[in-house]
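S.K.: for reference, the sequence and a predicted model appear below.
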Amino acid sequence: MHKSLSSHLLLPAGILSLCFQYAQSAYVLADDYSGEEFFKSFSFFTDADPTNGHVKYQSMSQANATGLAGFMDGGNATKAVYMGVDTTSETPQGRSSVRVQSMKSYQHALVIADIVHMPGSVCGTWPAFWMVGEDWPNNGEIDIVEGVNDQTSNQMTLHTSAGASISKSSHHTHPGKDGSNGKTPSQQSRLFTGKVLTSNCDVNAPDQSRNAGCAIADNTSLTFGADFNTNGGGVYSTEWTSSFIKIWFFPRGSFPSDIASASPSPSENWGPPTSMFTGDFDMDQYFKNLSIVFDTTFCGDWAGNTWKQSSCASLAPTCEEYVSKNPAAFIEAYWAVNTLQVFQDDGKLGRGAGGNGTEARPGGPPRAAGAAGTAALANGSFIKNAAIAHSKKSEFQPRRRSGGAVLRR
């Protein structure tokens, strides 16, 4: 799926300049949230779900007590971060889950996540891996991985205030050569492989569903849900600059060598991205100081509102009824994140203000004091683990979920 662009295709000087500029940019590691560092650097959101989900987000201590967050024991050096949902109780008031947000925010970044498992293709669920600014929608939102119910491929979306729209074309047209008559008919090169569903990023765009944003859908089931999990997951790479936002997906076993060596250099060697968001608007005006979020909610404004249009409708009259009464249906509704790293350029190409990252300010999801390693269930019971060293004193005993998937590159 991810093949190099043909070397004989010619691009206009402006596009060539942009490609050359970013090919020459040196990305350096800014933050590594892998393993035990994850829960030291993410806060737990416990307010009511802003998307009206049938969910009860748990605090750090609650997640520890009920086994909804912790580490997968896959028998390798890296502890995959585990974030799950309640799978044992009938929950008429909403199913317990977790939503976490990085304490640090960024202005431009290359975010690379090696995800082993995601809670997709499960009726009633609405999982997402995304980035968001404190003042929504004015500071923007980037949905890297998102889907609902029985969806089988990923949807990537931007949400903004009014005035931002993306190009609807996934191809770039440029002059080519016809050796038979000397004419120069148009040729096309692929800018990205996905399909544009909606082009207006404004959450209140009058000609789109409310909060639809500008969305690009992937065209393969390996990018989301059950098939993603069966294949052992893969890597999502999101590059955000002043000029564009690009998202690539690399399935397990097909990582570029520079990603595998933690020295990423986005270039044509990565092939065209799955999505590329760009248009006639100032990217830096609409996307400012974004932090990273993982969550799993249920029903709500998307999964709930589309319940009757999905195959899930045969399971129960409403999404809320199904989610409340069927805890065992959500055993596979968990995230397992092998590594999460944020890279930024070396500063030689004029990084924007705040490019080194800033601490998230009050007004976003509340922080949990002393965040560190948390716990996760293993076959319905806790397995205690030796204390994990961390910079802040933990308020609970760290534990680990065993029997996890083999985490492999």
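M.R.: On my side now, so go ahead.
S.K.: contacts, neighbours, all on C-alpha from now
M.R.: OK.
S.K.: and residue 286, its phi and psi?
M.R.: Torsion angles at residue 286 (phi, psi; degrees, to the nearest 10) stand at phi -100, psi -10.
S.K.: tell me which residues touch it, please.
M.R.: 138-140, 160-161, 164 (CA atoms under 8 Å, 6 or more residues apart in numbering).
S.K.: one more time with 6 Å
M.R.: By CA atoms under 6 Å, 6 or more residues apart in numbering, residue 286 lies in contact with 139-140.
S.K.: pLDDT at it, what is it?
M.R.: Each residue has a pLDDT score; the one for residue 286 is 99.
S.K.: now the helices for the stretch 1-150 of the chain?
M.R.: 13-24, 38-41, 60-66 (DSSP state H, counting those that start in this stretch).
S.K.: just give me the lowest mean pLDDT stretch among those helices.
M.R.: helix 13-24 (a mean of 40).
S.K.: what's the neighbour count on the nearest residue to residue 27 once chain neighbours are set aside?
M.R.: Nearest residue to residue 27, sequence neighbours excluded (CA to CA, 6 or more residues apart in numbering): residue 345, at 4.2 Å. By the criterion of other CA atoms under 10 Å, residue 345 has 23 neighbours.
S.K.: dihedrals phi and psi, residue 345?
M.R.: phi -70, psi 170.
S.K.: and it, what does it touch?
M.R.: Contacts of residue 345 (CA under 6 Å, 6+ apart): 26-28.
S.K.: what do you get for residue 120?
M.R.: Counted by CA under 6 Å, 6+ apart, residue 120 has contacts residue 225.
S.K.: per-residue pLDDT, residue 398?
M.R.: Looking at residue 398, the pLDDT reads 29.
S.K.: bridged to the residue nearest to the spatial centre of the chain, which residues?
M.R.: Closest residue to the average C-alpha location of the chain: residue 129 at 3.0 Å, with CA atoms, centre = their mean. Applying DSSP bridges to residue 129 yields these beta-bridge partners: residue 145, residue 294.
S.K.: what's the answer for the one 4 residues further on, then?
M.R.: Residues in a beta bridge with residue 133, per DSSP bridges, are residue 290.
S.K.: so, low pLDDT: which residues of the protein?
M.R.: Applying pLDDT under 70 to the chain picks out residues 1-25, 74-78, 170-189, 348-409.
S.K.: and the gap between residue 293 and residue 314?
M.R.: In this view, residue 293 and residue 314 are 32 Å apart by CA to CA, to the nearest Å.
S.K.: tell me which of the two has more neighbours.
M.R.: residue 293 (20 against 10).
S.K.: is it true that the more buried one touches residue 103?
M.R.: No. The criterion here is CA atoms under 6 Å, and residue 293 misses it with residue 103 at 10.0 Å.
S.K.: now the strands for the stretch 101-250 of the chain?
M.R.: Secondary structure of the stretch 101-250 of the chain (DSSP state E, counting those that start in this stretch): strands located at 104-105, 109-117, 125-133, 141-146, 155-159, 171-175, 186-190, 195-198, 214-217, 234-240, 245-251.
S.K.: which one of those is the most hemmed in?
M.R.: Counting by mean count of other CA atoms under 10 Å, strand 155-159 has the highest mean neighbour count of the strands of the stretch 101-250 of the chain, with a mean of 27.
S.K.: surely the residue nearest to the centre of the chain touches residue 141?
M.R.: No. The pair residue 129 and residue 141 does not pass the contact test of CA under 6 Å, sitting 10.9 Å apart.
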